[in-house]
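*Asks:* sharing a sequence plus its predicted fold:
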Amino acid sequence: MAEITEEEQIIKTEFSEVMQKSYIDYAMSVIISRALPDVRDGLKPVQRRTLYDMHELGIRYNTPYRKSARIVGDTMGKYHPHGDASIYDALVVMAQDFKKGVPLVDGHGNFGSIEGDGAAAMRYTEARLQRFSQETLLSDLDKDVVDFMPNFDETEKEPVVLPARLPNLLINGTEGIAVGMATSIPTHNVGEVIDAVKAYMLNPDISTLELLDHIKGPDFPTGGIVVNKDELWSVYETGTGKIKLRGRVEIEKGKGGKNRLVITEIPYTMIGANISKFLLDVVSLIDSKKTTDIVDISNQSSKEGIRIVLELKRDADAENLKNLLYKKTRLEDTFGVNMLAVCDGRPETLGLRDVIKYHVDFQHEICRRKYKTLLEKELDKKEIQEGLIHACDVIDLIIEILRGSKDLKMAKACLVEGKTEGIKFKSRISRKMAEQLRFTEKQAGAILEMRLYRLIGLEVEALIKEHETTLKNIDNYKDILTNQRSMDRLIIKELDAYKKEYARERRTEITNAEAAVFEEKKVEETEVMFLMDRFGYARTIDMQTYERNKETADSENKYVFSVMNTGRVCIFTNTGMMHTIKVMDLPFGKLRDKGVPIDNVSNYNTQNERFIYVTSLERVILQKLCFVTKKAMMKQVYGSEFDITKRSVSATSLAEGDEIKAVYPVAWEDVVTLRTKGGFYLKFLLDEVPYKKKGAVGVRGMKLTGDDEVADVYFSAYGCEENIKVSGKTVELSKLKLAKRDGKGTKIRV
């Protein structure tokens, strides 16, 4: 056996430990590098990289648009190698004004709609940065305000975080699903957020309740109404909770004294396909007779805004219908808040005060790094300016040194160290003066590169004024860096400028409102006829229509019976289930109407269930039912057992492989006859079948041989003559001898 070298040494590790470590590494990668935003700039990595790439490509708010495909390709090639779809999706969302409080990208072309229409392909659309993102997220990147790190292949540098000047996490919110955790943060009003940041800077001990004097609550781009104002404190204190949202509904006067309900604002959660679902829900309310006061619905929304119109009947109660929409559709919805973000490299759930604290701390760090960089530049400038001013005072000597030097190195050595060896001077005084020169390296370099026009008197004066400005800047920067109050005043001044530029009116109303209460109109109870054909299409018609078309209705339908319009219909199936349907859920109309498939209004499964017995619940409750299975198990059940309101319930228990063959309402019948596929008949008294609960299996009614099973069940009165047809031949049941239950029966050849 060959020896294992040190490089080939096998390390034995517990498999579960390897799996655990690998999964944790994967989960953290998704959490930190993909799904969750950083608390400092409120951006996920893909958003940050896309914005930074646009900045690097020079696609500013005041430059022409560039193809989205170019932006996506460049971002993927340099910073985000995870596929173009995720990058373009992020770009599209940042350009949608109905999803973001303040869009970060200025899109040109089809970037989707509030109704769920997708954006055009990236080769068709164009984009550029918004001024807001350029000024509040990407400014001062050249002043060392944030750290940079190598990209995925270490050929480029990218910022760890963008130098956000406003808490973008609050302004634009975010949604993301990581591994084992998710974030959901609503959007807020720019002006209110700026006021809250200023309030915190002036009083770091400010409470969440005091911050809510400035931030009234979420401000969604779709508007709407937040109706649980008193619960917002808990949401913002803990960072988790629920915000109840309603759309805005206005009552407009129509023609002929009719009113209409007009929805002008929708809950933020209704964006996209949920608008279509809302329309379908309203139609469903009409079809199910929850309301009969809505006569038409139309979606008249456009680029100008949402406008969904519901036309009402003349005397309709508009306020009551408004409550119905809130109660039964997504026009009132819940926005789940979970303010989870990456803080110091780890995910953390934050309250409102925590988010602002992290932002202010980040602003202080940006400010310190920015003005430290600016101070260093001003100090370098000061050094050179002082050298040039001094050089102007001794310009004749410097010219003499330059003319007397053999090369640049000799001249520079004289300016910096006062070395005069090898330099020709006009006089000893000049040499002595030259030996006293002590310019710095930078000053000497600037002097040697100085152009002659700088010796003009006005230019010298300008240099002196510039030097004075530099000295003021140095004092100012040192004050900012050493005095916290000065730094705070500077940050607040910038915040005021941003507020003046970007603040807008609040869109979402914050209030307290009582739960929507819909008073259903009492339906006038009346008797209708239930019709269901052999294909399972059911409907109801009025009694007069049935009486006029009795023969047609009976011949064309498998089940026909009367039922109250406020009652229920029962369906017993071969699987032992009983399904119930509200009569109000069935369409009421004309005899020739097709009706609705029974599985659309019940839990009936067309794949593995068959109808055995269909009747009204009222009749079932008053009856005694006899159950017979194909394996000849039998029982009688009092109908009161089925007096339930559930949509589905087990009507009987079945052995494996067994199914219901008959459910029969027993009235005057006292004899039952079982016929098997093998041609055996057993006739006995129904009293021998015991009464059981609906959950019982029952007793054996007949002994079966081999694979034989019950084919038919006949109920009759004792002594009553009854003939049946089997395979085209007549069998007289009255001539069968009365036997006992659980016998083998008599074989009759037909």
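*Replies:* Arrived safely.

*Asks:* and the closest residue to Lys426 other than its chain neighbours, helix, strand or coil?
*Replies:* The shortest distance from Lys426 to any non-neighbouring residue, by C-beta to C-beta, 6 or more residues apart in numbering, is to Glu400 (6.2 Å). Placement of C-beta: from N, CA and C, glycine included. Here Glu400 is recorded as helix under DSSP: H, G, I helix; E, B strand; the rest coil.

*Asks:* may I have the phi/psi pair for Gly176?
*Replies:* Note on Gly176: backbone dihedrals following degrees, to the nearest 10 are phi -170, psi 150.

*Asks:* name the element the residue lying closest to Gly657 once chain neighbours are set aside belongs to?
*Replies:* In space, and not counting its chain neighbours, Gly657 is closest to Lys631: 7.7 Å by C-beta to C-beta, 6+ apart. Of the helices and strands defined by DSSP states H and E, none includes Lys631.

*Asks:* what's around Lys631, how many residues?
*Replies:* Burial of Lys631 is recorded as 18 neighbouring residues (other C-beta atoms under 10 Å).

*Asks:* the one 10 residues further on now?
*Replies:* Around Glu641 sit 18 other residues, with neighbours defined as other C-beta under 10 Å.

*Asks:* what sits against it?
*Replies:* Neighbouring residues of Glu641 by C-beta atoms under 8 Å, 6 or more residues apart in numbering: 693-694.

*Asks:* tell me if it really is in a helix.
*Replies:* Yes: counting by three-state DSSP, Glu641 is located in a helix.

*Asks:* now the stretch 101-250 of the chain, which segments are flagged as low pLDDT?
*Replies:* Regions of the stretch 101-250 of the chain meeting the criterion pLDDT under 70 are absent.

*Asks:* how about the strands in it?
*Replies:* In the stretch 101-250 of the chain, the strands defined using DSSP state E, counting those that start in this stretch lie at 105-108, 126-129, 148-150, 157-159, 174-177, 182-185, 225-226, 240-246, 248-253.

*Asks:* mind putting those into TSV with distance to Thr705 and mean neighbour count?
*Replies:* Formatted as TSV, those follow (distance: least, C-beta to C-beta, whole Å; neighbours: other C-beta atoms under 10 Å):
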stretch	distance to Thr705	mean neighbour count
strand 105-108	78	21
strand 126-129	80	23
strand 148-150	82	10
strand 157-159	82	17
strand 174-177	61	18
strand 182-185	62	20
strand 225-226	73	22
strand 240-246	65	20
strand 248-253	70	14
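
*Asks:* picking up where we left off before, ok, the residue nearest to Lys426 - contacts?
*Replies:* 425-426, 430, 434.

*Asks:* repeat that for Asp533.
*Replies:* 556-558, 595.

*Asks:* which of those are buried?
*Replies:* Buried members of those, scored by 16 or more other C-beta atoms under 10 Å, are 557, 595.

*Asks:* excluding sequence neighbours, find me the nearest residue to the residue nearest the centre of the chain.
*Replies:* Central residue of the chain (C-alpha atoms, centre = their mean): Glu175, 6.5 Å from the mean position. Once flanking residues are discounted, Glu175 sits nearest to Ser184: 5.3 Å by C-beta to C-beta, 6+ apart.

*Asks:* and for Ala178?
*Replies:* Nearest to Ala178 is Ala35, by C-beta to C-beta, 6+ apart, at 3.8 Å.

*Asks:* residues in contact with the one you found?
*Replies:* Residues near Ala35 by C-beta under 8 Å, 6+ apart: 44, 176-179, 183.

*Asks:* now do the phi/psi pair for Ile294.
*Replies:* With angles defined as degrees, to the nearest 10, Ile294 sits at phi -100, psi 120.

*Asks:* ugh, wrong one, I meant Asn512
*Replies:* Torsion angles, degrees, to the nearest 10, at Asn512: phi -110, psi 130.

*Asks:* just give the number of residues close to it.
*Replies:* Asn512 has 10 nearby residues by other C-beta under 10 Å.

*Asks:* among the contacts of Glu400, who's most crowded?
*Replies:* Of all those, the highest neighbour tally under other C-beta under 10 Å goes to Ala434, namely 21 neighbours.

*Asks:* so what's that residue scoring on pLDDT?
*Replies:* pLDDT, Ala434: 82.

*Asks:* look up how far Val699 lies from it.
*Replies:* 129 Å (C-beta to C-beta, to the nearest Å).

*Asks:* wait, what's in contact with Glu527?
*Replies:* 543, 562-565 are the contacts of Glu527 under C-beta under 8 Å, 6+ apart.

*Asks:* which of these ranks first by neighbour count?
*Replies:* Ranked by neighbour count (other C-beta under 10 Å), these have Val563 at the top, with 20 neighbours.

*Asks:* any idea how far that residue lies from Val583?
*Replies:* Applying C-beta to C-beta to Val563 and Val583 gives a distance of 6 Å.

*Asks:* any residues in contact with both of these two?
*Replies:* When C-beta under 8 Å, 6+ apart defines a contact, the residues bordering Val563 and Val583 alike are 528, 530, 540, 569.
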